[in-house]
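>>> Here's my sequence, what's the structure:
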Amino acid sequence: MQRVRIDRSDPDVLDLVLWERGGSLRYAFTTSLGSALAVPALFLVGALASGPVAVLMLLTGTGWGPVWSVAALIGGAAAVAGWAFLTRSAFHEVHRLRFAPADGPATVTLVRGARVGRPMPVTELRRIRIDRSTEAPHGGDPRPAALTVTLTAQFARHRLAPKSLPPDTDADALHRELREALSPAVPVELRIRHRPHPEPAPPGGPPDAPLDVPPGLSPAARPGPAPPPPSARARRRPDARRGARGRSRPARD
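Sure, this is the predicted structure:
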């Protein structure tokens with residue numbers, strides 16, 4: 001993560017630096033060529049992701065030749081897509097917000113990786129927001145507190161992706177510095193949120209649901225589980241006894 005800073009090296013403009021360098025085709029081409037080093041790793045990830053397809057093909061009786069071909073095809077597609085994404089980021093990612101004049105900004109310009117855009121009225125930049133979020137551990141939680149700091153630039157027609165800052169960034173000092181440099185032309189907001197870590201689920205699962213107790217009945221007199229129904233053999237036994245007693249004995253000679 002890189003820190004956000006204000007660059008006043010040019011007395012005519014003021015740059016809010018999100019990423020270093022940028023603003024030239026040479027830089028964009030150099031970065032895109034450097035991203036080509038990630039192509040073998042992207043190919044390997046894509047080939048490994050084809051594992052379920054390979055297993056299914058082998059189970060259906062397909063030989064190893066088509067399996068290797070499918071793995072190479074998926075790996076090549078992943079490598080090309082990943083390299084294209086990295087190259088696009090190198091050319092189009094916003095590196096700086098350039099304000100002019102420096103003493104009272106009237107225009108703002110987006111400095112991307114490959115070029116410098118056209119100046120826009122500073123009113124197109126609706127606000128710059130700094131978010132600092134802290135997740136504090138609750139009682140007995142061994143996890144440390146988590147701190148995240150982001151910076152977001154909201155324009156009238158779009159919003160730049162939030163820029164993640166190092167956790168040790170002094171958000172209050174950055175807020176004061178941006179307000180002194182850009183106010184009143186650009187509103188600068190600071191949002192601070194504190195929340196505890198979500199509590200883990202209790203061991204053993206959720207507690208049993210209580211039984212419904214009718215009104216006027218004490219909890220001690222709760223109805224228990226119903227007894228099991230008698231078996232068919234037990235139900236037939238009394239009938240068999242009554243039939244035996246009802247039969248008359250044969251007369252003796």
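>>> so how far is the longest helix seen in the chain off the chain centroid?
Longest helix in the chain by number of residues (criterion: DSSP state H): helix 64-92. Relative to the chain's own centre, helix 64-92 is displaced by 24 Å; criterion: C-alpha atoms, centre = their mean, to the nearest Å.
>>> could you say what helices and strands it packs with?
If you count contacts as 3 or more C-beta pairs under 8 Å, 6 or more residues apart in numbering; DSSP states H and E, helix 64-92 packs onto helix 25-35, helix 39-49, helix 51-59. In this view, the C-beta of every residue, glycine as well, is placed from N, C-alpha and C.
>>> okay, these in CSV with mean pLDDT and mean neighbour count next?
Output for the helices and strands packed on helix 64-92, formatted as CSV (pLDDT from 0 to 100; neighbours: other C-beta atoms under 10 Å):
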stretch, mean pLDDT, mean neighbour count
helix 25-35, 76, 15
helix 39-49, 87, 16
helix 51-59, 85, 12
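>>> Can you check what angle separates the longest helix of the chain from helix 25-35?
Between the axis of helix 64-92 and that of helix 25-35 there is an angle of 160 degrees, by axes from the mean of the first three to the mean of the last three C-alpha atoms, to 10 degrees.
>>> between helix 64-92 and helix 39-49, what angle do the directions make?
Going by the same axes, to 10 degrees, helix 64-92 makes 130 degrees with helix 39-49.
>>> ok, and for helix 64-92, which residues are buried?
For helix 64-92, burial by neighbour count (16 or more other C-beta atoms under 10 Å) applies to 67, 70-71, 74-75, 78-79, 82-83, 86-87, 90-91.
>>> for stretch 147-163, same thing?
149, 150, 151, 152, 153, 160, 163.
>>> Also stretch 115-123?
So, applying 16+ other C-beta under 10 Å, buried residues of stretch 115-123: residue 122.
>>> measure it end to end?
End-to-end span of stretch 115-123 (C-alpha to C-alpha, to the nearest Å): 22 Å.
>>> re the thing from before, ok, the following helix or strand past the longest helix of the chain: who's next to it in the sheet?
Next along the chain after helix 64-92, taking DSSP states H and E as the criterion, comes strand 94-100. If you go by DSSP bridges, strand 94-100 pairs up with strand 14-17 (antiparallel), strand 107-112 (antiparallel).
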